[in-house]
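J.: coords below, sequence missing:
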């Protein structure tokens, strides 16, 4: 299997499209390819600011917001998180690819928090709610990873799986565990 990683840090579902990154993937795509689609960590950001302007409208509906993007200095129509995911799934299918939607991975719990079972909410739930009617396979990576986190303290999780700098970015061991959960989900 040839694996091509086109992910790029700091992007949400919106700039991945508007920067042309998705278009580049579609140009290379061949019928029979698989494409893993995972967003959600950066989508809650600001819709319009002069530093990132990467946020999406919360939800899966058809709502839009017209902006004069402070970062790009261009007019832009911002859509919901679900709209962007549907676009990726539908475009992939049109190219003969098999899209697989993945939930975002969990952040590290903060010291003193007790990890507990969590029902799907917001971006995790919305990814699932897009995948189902689009008949795209869905892998709940959050749940697969979080179930392992439930066996550890937040301090152990941080030490084993996350960079010292923050509670979002994993170290090599965390990245390997996340990748293993993707493989398990595909199986």
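T.: Sure, I can see it. Quick caveat, the model's predicted, so the values are computed rather than measured.
J.: those strands in this protein, which residues are they?
T.: 34-38, 64-68, 75-79, 98-102, 138-139 (DSSP state E).
J.: and the gap between the residue sitting furthest away from the middle of the chain and residue 157?
T.: In terms of distance from the mean C-alpha position of the chain, residue 112 ranks first, at 26.7 Å (Cα atoms, centre = their mean). Using Cβ to Cβ, to the nearest Å, residue 112 is found at 13 Å from residue 157. Every C-beta, even on glycine, is put in place using the N, C-alpha and C of the backbone.
J.: quick one: the helices in this protein?
T.: Remark: helices assigned in the chain by DSSP state H are 13-18, 21-28, 81-94, 122-131, 141-149, 154-161, 172-186.
J.: Could I get the ones you listed in JSON lines, plus columns for distance to residue 46, mean neighbour count and mean pLDDT?
T.: Compiled in JSON lines, those are given as follows (distance: least, Cβ to Cβ, whole Å; neighbours: other Cβ atoms under 10 Å; pLDDT from 0 to 100):
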{"stretch": "helix 13-18", "distance to residue 46": "11", "mean neighbour count": "22", "mean pLDDT": "96"}
{"stretch": "helix 21-28", "distance to residue 46": "20", "mean neighbour count": "14", "mean pLDDT": "96"}
{"stretch": "helix 81-94", "distance to residue 46": "14", "mean neighbour count": "20", "mean pLDDT": "98"}
{"stretch": "helix 122-131", "distance to residue 46": "16", "mean neighbour count": "21", "mean pLDDT": "96"}
{"stretch": "helix 141-149", "distance to residue 46": "23", "mean neighbour count": "19", "mean pLDDT": "95"}
{"stretch": "helix 154-161", "distance to residue 46": "27", "mean neighbour count": "17", "mean pLDDT": "95"}
{"stretch": "helix 172-186", "distance to residue 46": "26", "mean neighbour count": "14", "mean pLDDT": "97"}
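J.: Fine, thanks again, bye for now.
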